[in-house]
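> Pasting a predicted model and its sequence here:
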Amino acid sequence: MVKLTINDQKVTVPEGTTIMQAAREVGIEIPHLCYLKDINDIGACRVCIVELEGMEKLVTACNTPAEEGMVIYTNSPRVRATRKINVQLILSDHDGKCATCVRSGNCSLQTIANDLGILEIPYELIAERNRWDKRFPMIREASKCIKCMRCIQVCDKIQDMQVWNVSGSGFRTTVEVSGNIPIQEADCSLCGQCITHCPVGALRARDDVDKVFEALADPEKITMVQIAPAVRTAWGEGIGLGKEESTTGKLVSALRQVGFDYIFDTVYTADLTIMEEGSEFLEKFQNKNDNKWPMFTSCCPGWLRFVRSQYPEFVEYLSTAKSPQQMFGAMSKTYIARKLGLDPEKIFCVSIMPCVSKKFECDVRQVNDTGMEKDVDLVLTTRELSRMIRADRIKAEDLKDETFDEMFGQGTGAGLIFGASGGVMEAALRSAYYLITGKNSKPDAFKRVRGPKGWKSSVFEIEGVPVHVAVVSGLGNARKLLESIKSGQVSYDFVEIMACPGGCAGGGGQPIQDGADMAADRGKILYGLDSVADSRFSHENPAVQMTYEEYLGKPLSKRSHELLHTSLEQ
Ligand code: HC1
Ligand code: SF4
């Protein structure tokens, strides 16, 4: 242990603790911009500088270890003056047009500049511009980059993808796509983790809100919206609604006020996915007629982009089931249109997703099978949803709990937990158990796959047969798992992989809470909803049962294959 003094308070901390952490122990918050716990502690922004008695130079608190006898001042006159200059220097290299910035009001640079009372920048503005294809789902604005390097660190350390790199030196130091190639040519998975870890507006998702407003205003269009499981755990964050108040019912009410004609739930097709994917797994597992094991889930487009670019040899191991988003799109313009008596040509299907990669997925030719222009016409992130609600001045306090539109807003607890890492596996096992034994397991029988660990594995016995499963979230963990499978260190029957740490709850399209890891808390909300759901088994979803009776026949039928599965070649 080491003893030191910070702002005249005595602190005792274990060796190796940084000054920043030591200060936190006694409730002293040292301002910072680039620091991210366990991910980025390079002291690049120099906002966290503190004065160390007896030292001429100020030191960065995020990466300087506390030492015995140190006497530290976090707000001395020298610290105040230097911190202000450092922020002014960052601002001199930053296009500070806050009124037109997507992060205005949720920007750490804006906050710190305001907090420090910076009203003028006494340096020449030198912000660089970049060329970027703004049709791409992820957009980088070089003029807003503050070179904090968080994007590089998240992409390297958590996702193990190295999409970003540093280029230049001195004041020309900047961040570029590695190899200085267009982003379309990089192996970006579009997980969006660089966006949610950016403290400013240098990285963002493409904004498609105006296109939705256009569709809503078009009398020729019937607008139908689906809401992904994880969106309900976080949408309130973007409009200042607390966890308890931001119910799914209020979300439905907000979307009705925005003007959608039909409001449905992706959970309906998450349950449908379980029927198809679960049946596919069982057929494969019971026949064991090839060596392509394990079977991998296929609902996360970030993971699909990753496996295609990094491990193409595993593409054949993927389930052929489409994601719930695309299954919903396919059903919206076929069965749902027929059931509701709507002209499928007029349906404009929008999904609200916690995800940036879903914006890419809806354009993939192989998952568009209805013969219409597209099955899902447009994808909005949870953040865009919040902006729509704010744009229409819909007041959070006026929202009342409302129900989804008839029939296709019905989902089970099993479909809901898709949004948390382990949820797809747990839902699939609940229904696989039923399909094998003819009776339901206890709903929580497979809960060992829950929790925040990046790589979980378990064995479950169903009728005396062991099923080896693994659940992975985060692409760095996915790479480790695939390498271990390749080297024969591990073997599984069924594996769930989600690109974002914690699964969609921590998705790259979710509201940004700078420095906070929200995935686990949001995931818990889904498990809470599951625990009180009327049904917790996908095969019991009445809308799913009706869909099979009236339209699809049975899982893996010819029509299911045509509409709900995909060829793996792309
Ligand atoms: Fe997901 Fe999924 S769980 S992929 O994270 O399978 O985006 O929430 O909608 O499609 O259901 C996302 C979430 C989502 C799909 C489902
Ligand atoms: Fe999108 Fe979810 Fe995959 Fe992240 S984990 S890329 S949010 S589908």
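Ah, there it is. Ligands and ions are numbered 1, 2, ... in the order given.

> where exactly do the helices run in the stretch 201-350 of the chain?
For the stretch 201-350 of the chain, the helices defined by DSSP state H, counting those that start in this stretch occupy 209-217, 248-258, 266-287, 301-310, 324-331, 337-340.

> The fifth one and ligand 1 in contact?
Yes - part of helix 324-331 sits close enough to ligand 1 to count as contact by C-beta under 6 Å from any ligand atom, namely P324, Q325. (C-beta placed from N, C-alpha, C; glycine too.)

> Which residues does that helix contact?
Helix 324-331 is contacted from outside by 226, 228, 264, 266-270, 272-273, 276, 299, 321-322, 349, 351, 353, 358, 361-362, 367-370, 374-376, 379, 408, 415, 418, 547, 563-564, using C-beta atoms under 8 Å, 6 or more residues apart in numbering.

> Now this protein against ligand 1: closest residue?
Of all residues in the chain, C504 sits closest to ligand 1, with a separation of 2.3 Å (C-beta to the nearest ligand atom).

> Run through the residues that contact that residue.
Applying C-beta under 8 Å, 6+ apart to C504 gives the contacts A228, P229, A230, C300, M353, P354, C355, F418, G419, A420, M498.

> quick one: contacts for the first one?
To tie it back to what came earlier, the one meant is A228. Residues near A228 by C-beta under 8 Å, 6+ apart: T266, P324, Q325, S351, I352, M353, P354, C355, K358, G419, C504.

> Let's see if you can find the most crowded of those residues.
Each of the contacts of A228 was scored for neighbours by other C-beta atoms under 10 Å, and C504 scores highest at 36 neighbours.

> what does this protein put close to ligand 1?
Contacts of the chain with ligand 1, taken as C-beta under 6 Å from any ligand atom, map to 228-230, 266, 270, 299-300, 323-325, 353-355, 358, 418-419, 503-504, 507.

> The closest residue to T247 other than its chain neighbours is in what secondary structure piece?
Spatial nearest neighbour of T247, chain neighbours left out: D401 (5.7 Å); criterion: C-beta to C-beta, 6 or more residues apart in numbering. Using DSSP states H and E, D401 falls within no helix or strand.

> quick one: D401 and G249, what's the gap?
Distance, D401 to G249, by C-beta to C-beta, to the nearest Å: 3 Å.

> Please report how far L36 lies from L119.
Here the criterion is C-beta to C-beta. By it, L36 lies 28 Å from L119.

> and the host helix or strand of A428 with ligand 2, contact?
Using DSSP H and E, the element containing A428 is helix 423-437. No - Helix 423-437 is not in contact with ligand 2 by C-beta under 6 Å from any ligand atom; minimum separation 10.2 Å.

> Tell me which helix or strand comes right after that helix.
Using DSSP H and E, the helix or strand that follows helix 423-437 in sequence is strand 455-462.

> Can you give me the buried ones in that following strand?
By neighbour count on 16 or more other C-beta atoms under 10 Å, the buried set for strand 455-462 is W455, K456, S457, S458, F460, I462.

> most packed of the helices of the stretch 201-350 of the chain?
By mean neighbour count, with neighbours taken as mean count of other C-beta atoms under 10 Å, helix 324-331 ranks first of the helices of the stretch 201-350 of the chain at a mean of 28.

> Quick one: mean pLDDT over that helix.
Helix 324-331 shows a mean pLDDT of 98.

> How far away from the center of its chain is it?
19 Å (C-alpha atoms, centre = their mean, to the nearest Å).

> now stretch 422-431
When distances are taken as C-alpha atoms, centre = their mean, stretch 422-431 is centred 20 Å away from the chain's centroid.

> Could you list the low-confidence segments of this protein?
Along the chain, segments meeting pLDDT under 70 span 289, 568-570.

> For it, which residues are neighbours of ligand 2?
Near ligand 2, the residues belonging to the chain are 191, 300-303, 354-355, 357-358, 498-500, 503-504, 507-508 when assessed by C-beta under 6 Å from any ligand atom.

> those strands in the stretch 151-300 of the chain, which residues are they?
164-167, 174-177, 203-205, 222-227, 262-265, 295-296 (DSSP state E, counting those that start in this stretch).

> for the residue most central in space within the chain, what are its contacts?
In the chain, the residue lying closest to the centroid (C-alpha atoms, centre = their mean) is G507, at 0.6 Å. G507 makes contact with G192, A230, M353, P354, C355, V356, T382, C500, according to C-beta under 8 Å, 6+ apart.

> A254: which of these is nearest?
T382 (12.2 Å; C-beta to C-beta).

> That closest one: neighbour count?
Residues within reach of T382, counting by other C-beta under 10 Å, total 26.

> I figured it was touching I512, is that so?
No - using C-beta atoms under 8 Å as the test, T382 is too far from I512 to be in contact (10.1 Å).

> Most widely separated two among the residues of the chain next to ligand 2?
Maximum distance among the residues of the chain next to ligand 2 (C-beta to C-beta): 14.5 Å, for W303 and P354.

> picking up where we left off before, select, out of the helices of the stretch 201-350 of the chain, the one closest to G438.
Closest of those to G438 is helix 266-287, at 13.0 Å (criterion: C-beta to C-beta).

> Return the angle between stretch directions for that closest one and strand 222-227.
Helix 266-287 and strand 222-227 are oriented at 60 degrees to each other (axes from the mean of the first three to the mean of the last three C-alpha atoms, to 10 degrees).

> could you measure the residue of the chain closest to ligand 1 against S421, distance?
The gap separating C504 from S421 is 8 Å, by C-beta to C-beta.

> shared neighbours, these two?
M498.

> looking at it, A23 is touching M70, isn't it?
No - with contact defined as C-beta under 8 Å, A23 does not count as touching M70 (11.1 Å).

> and these two? which has more neighbours close in?
A23 (25 against 22).

> what helix or strand is that one on?
Using DSSP H and E, A23 falls in helix 19-25.

> Could you pull up the residues touching the residue of the stretch 1-150 of the chain found nearest ligand 2?
Distance from ligand 2 to each residue of the stretch 1-150 of the chain (C-beta to the nearest ligand atom) is smallest for P137, at 10.8 Å. The neighbourhood of P137, defined by C-beta under 8 Å, 6+ apart, consists of L190, A205, R206, V356, S357, K359, F360.

> Output those in CSV; the columns should cover neighbour count.
Shown next, in CSV, are those (neighbours: other C-beta atoms under 10 Å):
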residue, neighbour count
L190, 26
A205, 25
R206, 17
V356, 33
S357, 28
K359, 26
F360, 21
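
> Can you tell me which of those lies closest to Y123?
Distance ranking of these against Y123, using C-beta to C-beta, places A205 first at 31.2 Å.

> how near is the nearest residue to the closest one once chain neighbours are set aside to D208?
Closest residue to A205 apart from its sequence neighbours, by C-beta to C-beta, 6+ apart: V356 at 4.7 Å. Distance of V356 to D208, computed by C-beta to C-beta: 11 Å.

> cool, Q545 as well?
When Q545 is compared with D208 (using C-beta to C-beta), they lie 34 Å apart.

> How about G413?
Applying C-beta to C-beta, the value for G413 to D208 is 31 Å.

> the more surrounded of these two?
Using other C-beta under 10 Å as the criterion, G413 and D208 rank with G413 on top: 27 against 17.

> follow-up on the earlier one: after the helix holding A23, which helix or strand is next?
As assigned by DSSP H and E, the chain's next helix or strand after helix 19-25 is strand 49-52.

> Let's see that next one as PDB, backbone CA atoms only.
Once non-C-alpha atoms are left out, strand 49-52 reads as follows in PDB (Å, rounded to 0.1, in the frame of the first residue of the first chain):
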ATOM      1  CA  ILE A  49      -2.800  17.000 -15.400                       C
ATOM      2  CA  VAL A  50      -2.100  17.600 -11.700                       C
ATOM      3  CA  GLU A  51       0.700  19.300  -9.800                       C
ATOM      4  CA  LEU A  52       3.100  17.100  -7.800                       C
END
